[in-house]
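Engineer: Everything below, folded, please.
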Amino acid sequence: MADNRPTVFCDGVVEAQVAHGVARITLAVTGNDGKASPCATLCVPVTQLPALVNGMGNLLKQIEERVRAQIAQQQAGQPAAAEPAAPADGPAGAFRFQN
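Structural biologist: Numbers count the residues shown, from 1 in each chain. Next up, the predicted model:
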């Protein structure tokens, strides 16, 4: 069966609200004029919001660690390590993070 999950790009949040136990987060994309326009709404049960936020925080920590390691290598005068092979379904230079 084909994977047909929608993909949404966003670079910001316009607003967030909670009603009836569900957090509704309006995602935004910045246009050429520099103004944010709503592009999708992410709905998350409030009970699951901490797990989602913690997961995103862990993702950010892993990205920061990777960037720091790369900077440390460059400052030490070592050539940057070769990029890991891309996942079979991902672009070159892509990598996966662990939970």
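Engineer: Show the low-confidence segments of the chain, by residue range.
Structural biologist: Low-confidence regions of the chain, defined by pLDDT under 70, span residues 1-2, 78-99.
Engineer: Please enumerate the helices of it.
Structural biologist: Taking DSSP state H as the test, the helices found in the chain are 49-75.
Engineer: Distance check, the residue of it most remote from its centre against Lys35.
Structural biologist: Using C-alpha atoms, centre = their mean, the residue of the chain lying farthest from its centre is Gly77. It sits 30.3 Å away. Per C-beta to C-beta, to the nearest Å, Gly77 is found 44 Å from Lys35. (C-beta placed from N, C-alpha, C; glycine too.)
Engineer: Look up the closest residue to Gly12, ignoring the ones flanking it.
Structural biologist: With C-beta to C-beta, 6 or more residues apart in numbering as the measure, Ala28 is the residue that lies nearest to Gly12, at 4.4 Å, once sequence neighbours are left out.
Engineer: wouldn't that neighbour be in contact with Pro38 here?
Structural biologist: Yes: with contacts counted by C-beta atoms under 8 Å, Ala28 reaches Pro38, the gap being 5.6 Å.
Engineer: So between those two, which is more surrounded?
Structural biologist: Remark: of Ala28 and Pro38, Ala28 carries more neighbours, 17 against 14, as counted by other C-beta atoms under 10 Å.
Engineer: can you tell me how far the more buried one sits from Arg5?
Structural biologist: Taking C-beta to C-beta as the criterion, Ala28 is separated from Arg5 by 21 Å.
Engineer: cool, Gly34 as well?
Structural biologist: Plainly put, Gly34 is 30 Å away from Arg5 if you go by C-beta to C-beta.
Engineer: So which residues of this structure form strands?
Structural biologist: With DSSP state E, the ranges of strands along the chain come out as 12-19, 22-30, 36-45.
Engineer: Highest mean neighbour count out of the ones you listed?
Structural biologist: For these, the largest average neighbour count (mean count of other C-beta atoms under 10 Å) is found in strand 22-30, namely a mean of 16.
Engineer: so what does it touch, helix or strand wise?
Structural biologist: Using 3 or more C-beta pairs under 8 Å, 6 or more residues apart in numbering; DSSP states H and E as the contact test, the elements touching strand 22-30 are strand 12-19, strand 36-45.
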